[in-house]
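Trainee: below: sequence and its predicted model.
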Amino acid sequence: MFACLKAHDADVILGPVYPIFDSPEANNGAFICKTFTQSSDRPTGTVMRPHVLLRRPYCYRTMATNNALLNASRCIPLEEPFAPALSRLGGEDVLLSITFYLSGKKVVWCREAVVREQIPPERLSLGYILRKRYRNGQITSLTCMMTRPRQYPRLAVSTLLGFTQVIVGCAAAVLFAPFSSNKANASLCTLVGGAGKLLWMEPFLGRSYGLSDALADEVQPEVLGGSS
């Protein structure tokens with residue numbers, strides 16, 4: 001990653017994340033493996049963009065800080081880099097990564113820099129995966145309103161994509177349910193991910209991480225606050 005950072009004069013390097021499961025049977029489940037994999041087939045040195053619909057010639061991988069190398073002097077401001085308002089929901093690393101892109105930082109893919117993440121058995125349930133996908137959808141839309149300036153065009157695209165995912169995911173889940181559990185589960189993920197993109201407003205936000213309710217209530221108003 002360090003060699004890639006120097007070779008491409010990049011500000012940020014991201015690499016692939018592959019899962020390791022305690023349950024051997026999980027390694028044979030295409031749906032499970034894909035759910036916990038963050039990778040790309042693009043060659044090392046490809047510039048990355050967040051939320052690319054037409055992905056080539058760019059590389060898309062979740063813009064998060066797992067398996068990332070940052071040039072701190074270029075990327076980390078003097079003020080607090082992560083948004084405390086997202087400490088309960090999650091996604092503060094996604095927001096930080098998007099600010100890199102908006103501020104013109106060069107984010108580059110390094111295919112050889114592989115890490116493997118241990119996935120505990122409790123994360124393999126369909127309920128956990130659906131909740132995570134719903135939250136990720138919320139983060140996609142919510143972070144549009146937390147940048148300065150706010151990204152109204154990206155929010156419009158996210159909303160349109162959310163509607164499409166809900167409709168297509170619902171139809172596909174019904175269609176595949178009798179024939180393929182993997183495809184049916186993937187369709188449910190599409191559905192709930194789309195629902196998250198639509199239901200990103202404060203009344204629908206939940207808690208994914210362990211702040212006390214009292215502290216969470218103190219920081220929550222910051223999510224949608226501030227001037228544009």
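Mentor: Nice, thanks for sending it over. Numbers count the residues shown, from 1 in each chain.

Trainee: find the centremost residue of this structure, please.
Mentor: The C-alpha lying nearest the average C-alpha coordinate of the chain belongs to T62 (CA atoms, centre = their mean; 4.7 Å).

Trainee: first-to-last residue distance for stretch 20-34?
Mentor: End-to-end span of stretch 20-34 (CA to CA, to the nearest Å): 12 Å.

Trainee: circling back to that earlier point, the residue nearest to the centre of the chain is in contact with Q38, isn't it?
Mentor: Yes - when contacts are counted by CB atoms under 8 Å, T62 is listed as touching Q38 (5.2 Å). Glycine gets a C-beta too; all of them are placed from N, C-alpha and C.

Trainee: any idea how far A83 is from E92?
Mentor: Per CB to CB, to the nearest Å, A83 is found 5 Å from E92.

Trainee: more crowded one of those two?
Mentor: More crowded of A83 and E92, by other CB atoms under 10 Å: E92, with 21 against 18.

Trainee: quick one: low-confidence parts of this protein?
Mentor: 27-28, 51-60, 78, 210-228 (pLDDT under 70).

Trainee: ranges for the helices of it?
Mentor: Listed in chain order, the helices of the chain (DSSP state H) span residues 2-7, 30-35, 72-75, 92-102, 126-142, 152-176, 181-198, 213-219.

Trainee: and of those, who's closest to V108?
Mentor: Checking the helices of the chain against V108 by CB to CB gives helix 2-7 as the closest, at 6.4 Å.

Trainee: excluding its backbone neighbours, what's nearest L70?
Mentor: Closest residue in space to L70, ignoring its immediate chain neighbours: V12 at 5.4 Å, by CB to CB, 6 or more residues apart in numbering.

Trainee: count the neighbours of that neighbour for me.
Mentor: So V12, with other CB under 10 Å, has 22 neighbours.

Trainee: then Y134?
Mentor: 21.

Trainee: could I get the contacting residues of it?
Mentor: Y134 makes contact with V192, G193, A195, G196, according to CB atoms under 8 Å, 6 or more residues apart in numbering.

Trainee: which one of those residues is nearest to R123?
Mentor: For those, the nearest to R123 is V192 (15.9 Å; CB to CB).

Trainee: quick revisit: which one of the helices of the chain lies nearest to T44?
Mentor: With CB to CB as the criterion, T44 lies closest to helix 2-7 of those, at 6.2 Å.

Trainee: wait, isn't C75 in contact with F100?
Mentor: Yes - contact between C75 and F100 holds when scored by CB under 8 Å: they sit 6.1 Å apart.

Trainee: identify the contacts common to these two.
Mentor: D11, V12.

Trainee: ok, back up a step: now the residue nearest to L70: how far from N136?
Mentor: Applying CB to CB, the value for V12 to N136 is 20 Å.
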